[in-house]
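In: Dropping the sequence and predicted coords here.
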Amino acid sequence: MSLVIARPKSAEFGVAPVPETKSISRLRAAAQTCRACPLWKNATCAVFGEGPNSAKLIFVGEQPGDKEDRAGHPFVGPAGHLLDRALEAAGVDRDDCYITNAVKHFKWTPQGKRRLHAKPSAREVAACRPWFAAEMKAIAPRLVVCLGSTASQQVLGKPIKVTQARGEKLDSEFGVPALITVHPSSLLRAMGQPDAEEQFGRFVADLKRLRG
């Protein structure tokens, strides 16, 4: 698996300091020093992936949220709790999976005392790609689950419409198939809508394709 590192195009973007190792703990430690894009300036820490090195499934979200940035762990906030519910309903054990994000630092805008999620730019996603490539090389999964458009862009190397590709297994640039589905945060935004349970059920149905 080749590791492609894009050269910086401005003073704000550099090269990710990815060490030559398959040790997730070493990669996690090295990511704390990453200055490949400006997002580190306003983040508490780089939130790296977690899970067993023998995981056959890698789940990829967009970026850590407020809870994850403060805790230093991926998918521990509201979206993570909803993902846990869906995995349990689908018969998939989260402890057997490696969970990470396309971007390792939390991008946000202030609103009073709150920190609101802001979507990473294409250049910020690209700056973080060497970290994801290193995770893929270390874990060597059989399948990648892309949660949302940013994750799909990181894994496939190009933007896609999740609504059109959802439920499909597509060829990734890492030599393993990628299953496309929605990010659980989209289900949180649908809470209270008449079709909220239907949307959750469809997400569970996507995840049931992972069993076995």
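Out: Right, received. Where do you want to start?

In: In contact with the nearest residue to residue 77 once chain neighbours are set aside: list those residues for me.
Out: Spatial nearest neighbour of residue 77, excluding adjacent residues (CB to CB, 6 or more residues apart in numbering): residue 67 at 3.2 Å. Just so you know, the C-beta spots here come from the backbone N, C-alpha and C atoms, and that holds for glycine as well. Residues in contact with residue 67 (CB atoms under 8 Å, 6 or more residues apart in numbering) are 76-78, 80.

In: biggest separation within those residues, which pair?
Out: The most widely separated members of these, counting by CB to CB, are 76 and 78 (9.5 Å).

In: who's more crowded, the two?
Out: Between residue 76 and residue 78, counted using other CB atoms under 10 Å, the more crowded position is residue 76 (19 against 16).

In: And the helices in this structure?
Out: If DSSP state H is used as the criterion, the helices of the chain fall at 24-31, 66-71, 78-90, 122-127, 129-139, 149-156, 162-165, 184-189, 196-208.

In: between those helices, which one is nearest to residue 111?
Out: Using CB to CB, the nearest of these to residue 111 is helix 66-71, at 11.3 Å.

In: average model confidence for the closest one?
Out: What helix 66-71 shows for mean pLDDT is 97.

In: ok, now how distant is residue 159 from residue 40?
Out: The spacing between residue 159 and residue 40, counted by CB to CB, to the nearest Å, is 24 Å.
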